[in-house]
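Engineer: below are the sequence and a predicted model; questions follow.
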Amino acid sequence: MSGSETGQSKRPTGIAGLDNVTRGGLPAGQATLVLGEAAAGKTVLGLQVLANAVDRGEGAVFVTFEESPAQIRRDAASFSWGEALIASTSWQLIDARPHFGVEAAGAFDIEGLLSVVASAAETMQTSWLVFDGIDQLLQYQPDQRSAIEQVRRLDAYCAEHGWTLLLTGKATDERVTPAGLEGIEFLLSATLVLSARMVNQQLNRSLRIAKYRGSGHCADELPMLIDGEGIQLPYHEPAPDGGGVASDERLSTGIERLDKLLGGGIYRGASLLISGRPGTAKSTLAGHFAQAAAARGERTLYVSFDELEAPYVRNLASVGIDLRTPIDAGLVRFQDLAAYTARVTEHFLVLRRMIDDFDPRCLVIDPISALLKASATEGAHTATEQLIDLARRRGITTVLTSLSSEDDPEGEATQGQVSTLADGWIVLDYNIRSGERNRALSIVKSRGTAHSNQQRELLLSDAGIDLADVYEYGSEVLMGTARANREAEEDAAAQRRERERQQRRVDLERRLEQADQERQRLAAELALEQDQVSEADRAEATRRDTIQQRRDPDQDNPSAPAPDDTSHDEGQSS
Amino acid sequence: MNSDQPTGEAPLPVLTLFVAGSAPRSERARGNLTRMLAHIGRSDLHVHEIDMLAEPQEGLAYSVFATPTLLKMSATGAIDALYGDLSEPERLQGFLGDLAEDS
């Protein structure tokens, strides 16, 4: 209720986003002007603030000047908190609609009204008052000065009693002044402006704090939603606690070789963006991640934009990824959403509620770029940024896919912002060569990781994704058939070289053999020659001995033949 | 919680003036009404007065929140209301028209 930089007392509205951007609520004991065109949500805001007050055990008074009490109750009943509010006795609904056909003859004051409100408020621990459509009463004042004087009186009266007042007024165009009560905005210490604009045929609401005297506040136009829970400022709710711890734990992408390229996987609590043109296997990669998470026993919230659950799961099954089992086991919650059916703000709110409800450890959004199709005044980037931030703070590991256009494969134009926020960015693409499209994967960015910067070929089979090292050929990388061809050529060349080596060895061996045979032949020739030479020598020696014996007849030679051998004598004598 | 336009628990007198104590506008309305009734020759009509500061629930019952407010109950039970201090004689006379002596 208190606590601001000026020590100003504030009263929480119970609308988390509003209390967050006003740093505690609206000025306590003072009036806040709520301006807006018809159907901008002024009455809902008042009712919701009251419902929250009543829920906290406080009392409240709602004074309606325009809608009937029955209509106000119907308004309330369409919200989740409406039933409890209608049933509660700690607030009062006062019908202060002017009489039908009423006229005025002179100026009047609202002392009677204040008296009625005081008598109602005093019976309860009243903290909040809502005056809805007081211009319906004050329009009967003969001049504007009297009307403004009544608002001043009302403001003072509330301050005396410590009531915090919401005073609604009709805005025309974008002016920060209520029609018929011009000038009261200067009187009151805070002004909220609600607006509703059509963007792509869808109503986009916003809330702006046009004035908050003496308090810091967010002055931007804040995207606002009205759904079954009432008014929401989805992007401005207080951030969840924690998330400051950076985990060293690596989570598998479900593809072993990709994990290696990423230095072990994705850090827990980090976010990975997978972008690529249609058919580059983004969903398959995302499916691998979810399957791996389920295998670890971790819950994954799996959001598919624009593709329904049944065909999505079937398509993944065709590449060997089983999401059906973890879905049935409650480990994967699959949510298909149609991007174009709702505003970006609504999608964000739906996703945040699912995260709150399912409390997943892992989150897949396929594709986040579908949000660009949804209408928004604030643009899809706000939602994406907020989503990444939310997941990070909760320690949820996130895989986002993003469809890039045919002419802009890396999708810088559309995903620039997401890729800046995400911790990792994988770009999938085709490599077209020799009449073939081959899927290629490259890691553009991976925070906190010495990642591989080389492109890989992504192989898709009925067993899922695998990565192949690309074939480097000079300055090119080759994939698919080109890679296979090049590899085959290389193989052939290697075989040829081997054959040539063998042939040369055979040749040399043969020549060595031939040389060997020649040597043997020569050796044999040499040996023969030596034999012949020694035989001749021996014959010569014998002949010489014989001659000598014959030339020496006196020599007694017992071994000599008998002298009767006359032929010898005759021979010797001749 | 008060819901529908009240019809009043008891039939109101023909004229009822809702005032806020002795606030200046309420005082002026008293005087203006008395003078006008005299002017149209109906000083005989009793004006019932409700002080909303003392009886706020009466305001709630008749859906009167502006002070002063003059309520006129017609013979058919319909209630007409006139806000303000009755400082515009033509309007007041028009409002009281059917009560005038000669009508």
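Structural biologist: It's in. Residues are numbered from 1 along each chain as shown, chains lettered A, B, ... in the order given.
Engineer: spatially central residue in the chain, please.
Structural biologist: Just so you know, I chose chain A. A:Leu400 (2.8 Å; C-alpha atoms, centre = their mean).
Engineer: other chain: chain B
Structural biologist: B:Leu70 (2.0 Å).
Engineer: thought it was touching B:Leu33?
Structural biologist: Yes - the pair B:Leu70 / B:Leu33 is scored as a contact, 6.7 Å apart, by C-beta atoms under 8 Å. The way it works is simple: take the backbone N, C-alpha and C, and place the C-beta from them, glycine included.
Engineer: in what helix or strand does A:Val427 lie?
Structural biologist: In this assignment (DSSP states H and E), A:Val427 forms part of strand A:424-433.
Engineer: which outside residues touch the helix of greatest length in chain B?
Structural biologist: The longest helix of chain B (DSSP state H) is helix B:24-39. Contacts to helix B:24-39, defined as C-beta atoms under 8 Å, 6 or more residues apart in numbering or on different chains, come from residues A:106-109, B:15, B:17, B:19-20, B:43, B:45, B:47, B:49, B:67-68, B:70, B:84-87, B:89, B:92-93, B:96.
Engineer: next step: these restricted to strands.
Structural biologist: Among the contacts of helix B:24-39, the ones falling in strands (DSSP state E) are B:Leu15, B:Leu17, B:Val19, B:Val47, B:Glu49, B:Leu70.
Engineer: of these, keep whichever come out buried.
Structural biologist: B:Leu15, B:Leu17, B:Val19, B:Leu70 (16 or more other C-beta atoms under 10 Å in any protein chain shown).
Engineer: possible to save those as CSV with pLDDT and distance to chain A?
Structural biologist: Converted to CSV, these look like this (pLDDT from 0 to 100; distance: C-beta to the nearest C-beta, whole Å):
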residue, pLDDT, distance to chain A
B:Leu15, 93, 14
B:Leu17, 95, 11
B:Val19, 94, 8
B:Leu70, 94, 8
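Engineer: what is the three-state secondary structure of the residue nearest to the centre of chain A?
Structural biologist: strand (DSSP: H, G, I helix; E, B strand; the rest coil).
Engineer: element containing A:Ala120, please.
Structural biologist: Using DSSP H and E, A:Ala120 falls in helix A:111-121.
Engineer: where's that helix relative to the chain centroid, distance-wise?
Structural biologist: Chain-centre distance of helix A:111-121: 56 Å, with C-alpha atoms, centre = their mean, to the nearest Å.
Engineer: touching chain B at all, that helix?
Structural biologist: Yes - in terms of C-beta under 8 Å from any C-beta of the partner chain, part of helix A:111-121 sits within range of chain B, namely A:Glu111, A:Gly112, A:Leu113, A:Ser115, A:Val116, A:Ala118, A:Ser119.
Engineer: and those residues, which two are the farthest apart?
Structural biologist: The largest separation in the residues of helix A:111-121 next to chain B, counting by C-beta to C-beta, is between A:Glu111 and A:Ser119 at 12.5 Å.
Engineer: the more surrounded of the two?
Structural biologist: Taking neighbours as other C-beta atoms under 10 Å in any protein chain shown, A:Glu111 and A:Ser119 compare with A:Glu111 leading, 23 against 17.
Engineer: now do the strands in the stretch 251-400 of chain A.
Structural biologist: Along the stretch 251-400 of chain A, counting by DSSP state E, counting those that start in this stretch, strands occupy A:266-267, A:271-276, A:300-305, A:332-337, A:362-366, A:397-403.
Engineer: these: which one's closest to A:Ile184?
Structural biologist: Across these, closest to A:Ile184 is strand A:332-337 (C-beta to C-beta), at 43.2 Å.
Engineer: identify each buried residue in the worst-scoring helix or strand of chain B on mean pLDDT, please.
Structural biologist: Every helix and strand of chain B was ranked by mean pLDDT, DSSP states H and E. The lowest is helix B:56-61, at a mean of 89. Neighbour-count burial for helix B:56-61, counted by 16+ other C-beta under 10 Å, picks out B:Pro56, B:Glu58, B:Gly59, B:Leu60, B:Ala61.
Engineer: distance to A:Ser419 for those - can I get that in CSV?
Structural biologist: Below are the buried residues of helix B:56-61 laid out as CSV (distance: C-beta to C-beta, whole Å):
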residue, distance to A:Ser419
B:Pro56, 64
B:Glu58, 69
B:Gly59, 64
B:Leu60, 62
B:Ala61, 67
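Engineer: tell me how many other residues crowd A:Leu349.
Structural biologist: 22.
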